[in-house]
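Engineer: Predicted model and sequence follow; I will ask about them next.
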Amino acid sequence: MNQLDNNTTSLRLNDVHKRFGTEQHPVEVLRGVSFDVSDGEALVITGPSGSGKSTLLHLIGTLDTPTSGVIEINGENPILLSEPNLARFRNKVIGFVFQAHYLLPQYSVLENVLIPTLADKKNGDSEQRARTLLEKVGLSHRIDHRPAELSGGEQQRVATARALINQPNILLCDEPTGNLDRKTADSVADLFFELHQEEHNVLIVVTHSLDLASRFKRRFELQEGKCVEA
Ligand SMILES: Nc1ncnc2c1ncn2[C@@H]1O[C@H](COP(=O)(O)OP(=O)(O)OP(=O)(O)O)[C@@H](O)[C@H]1O
Ligand SMILES: [Mg+2]
């Protein structure tokens, strides 16, 4: 698969629509979202609660499919891939920090960060990278703890390290600093920008935080199903 070997990343959304509900009671969440993102760009998406921000990130992250329109990643439409190839693509190309962090309770912090690497046996230095990332998010001293022993913000920082472990082309973050105090939020945001600069990935962040949004040069707002560039 070319997209796994290609070092440059591109993302193109063309007239993306997403409808939930039934035919009698449709909920039109996205009504024609189009934008292009080039290699190395970072952008932020804001918008009121319920405007479709998480929905849009799930579509870009190949976790859901548009009702109509096309999302191309590195020149390909991933939803045309077979299920195993799509899973491989997602694991390699996409990093996701979810609004709810979904850590696995039975595993330690270090093991949670390493989970996305398990599918690829070539990843020899994953443990070192996991330790480095955990140090960057300020959790070196907690690597052997279980998620239940951590605060909400600490769990979110583990999820951030996990999303970055496979050096994804596209890092998607849904309210990554939502549960954090100001100082920790700033340091997690610093980490995103630092790694974004080092790894030249595409970074897309959804947030209600005006502080965080103001750090991005490219800003979009979801309004009535459309994505408007500010
Ligand atoms: N699986 C689903 N089935 C039906 N409706 C859904 C589904 N997922 C989302 N929706 C609806 O789509 C709309 C957008 O939801 P979404 O979670 O994308 O909003 P959001 O902008 O992320 O909001 P928040 O800021 O509160 O996280 C909401 O009205 C929601 O109820
Ligand atoms: Mg949301």
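Structural biologist: Perfect, I can see it now. Small disclaimer: the values here were computed from a predicted structure and weren't measured. Ligands and ions are numbered 1, 2, ... in the order given.
Engineer: Please count neighbours and contacts with C-alpha atoms only from this point.
Structural biologist: Fine.
Engineer: residue ranges of the strands in the protein, please?
Structural biologist: Shown for the chain, the strands assigned by DSSP state E span residues 11-21, 26-37, 42-46, 68-73, 94-97, 170-174, 202-206, 218-223, 226-229.
Engineer: between those, which one is nearest to His145?
Structural biologist: When the strands of the chain are compared for distance to His145 using C-alpha to C-alpha, the nearest one is strand 94-97, at 20.1 Å.
Engineer: ok now that closest one, how far from the chain's centre?
Structural biologist: From the chain centre to the centre of strand 94-97 is a distance of 3 Å (C-alpha atoms, centre = their mean, to the nearest Å).
Engineer: Near ligand 1, which residues of the protein are found?
Structural biologist: Listed as neighbours of ligand 1 in the chain under the rule C-alpha under 6 Å from any ligand atom: Phe20, Gly21, Val29, Pro48, Ser49, Gly50, Ser51, Gly52, Lys53, Ser54, Thr55.
Engineer: if I look at the residue sitting nearest the centre point of the chain, how far off is ligand 1?
Structural biologist: For the chain, the residue nearest the mean C-alpha position is Leu172 (1.8 Å; C-alpha atoms, centre = their mean). In this view, Leu172 and ligand 1 are 13 Å apart by C-alpha to the nearest ligand atom, to the nearest Å.
Engineer: got the contact list for that residue?
Structural biologist: Leu172 is in contact with Leu57, Gly61, Ile94, Gly95, Phe96, Val97, Leu203, Ile204, Val205, counting by C-alpha atoms under 8 Å, 6 or more residues apart in numbering.
Engineer: Any idea which of those residues the model trusts least?
Structural biologist: Across the contacts of Leu172, the bottom pLDDT score, 88, is held by Val97.
Engineer: residues near that residue, how many?
Structural biologist: Applying other C-alpha atoms under 10 Å, we find 23 residues neighbouring Val97.
Engineer: quick check: mean pLDDT across the top helix by length along the chain?
Structural biologist: Of all segments of type helix in the chain, defined using DSSP state H, the longest is helix 182-199. Over the span of helix 182-199, the pLDDT mean works out to 83.
Engineer: Please apply the same query to stretch 36-55.
Structural biologist: pLDDT averaged over stretch 36-55 equals 95, rounded to a whole number.
Engineer: Which residues outside it are in contact with it?
Structural biologist: Under the criterion C-alpha under 8 Å, 6+ apart, residues 8-13, 29-30, 174, 196-197, 200-208, 213, 216-225 lie in contact with stretch 36-55.
Engineer: tell me, how many neighbours does Ala185 end up with?
Structural biologist: Taking other C-alpha under 10 Å as the criterion, the count of residues near Ala185 is 20.
Engineer: wait, doesn't it sit right on Thr177?
Structural biologist: Yes: in this structure Ala185 lies within contact range of Thr177 using C-alpha atoms under 8 Å: 5.0 Å.
Engineer: tell me the mean pLDDT over stretch 152-170?
Structural biologist: Stretch 152-170 shows a mean pLDDT of 89 in the predicted model.
Engineer: From here on, call the first residue 26.
Structural biologist: Shifting the count to begin at 26 puts that one at stretch 177-195.
Engineer: Pull out the buried residues from it.
Structural biologist: Residues of stretch 177-195 classed as buried: 178-195 (neighbour count, 16 or more other C-alpha atoms under 10 Å).
Engineer: quick one: contacts of it?
Structural biologist: Under the contact criterion C-alpha under 8 Å, 6+ apart, stretch 177-195 has outside partners 33-34, 116-123, 126-128, 134, 137-142, 151, 154-155, 158-159, 162, 164, 172, 196, 201-202, 204-205, 213, 224-229.
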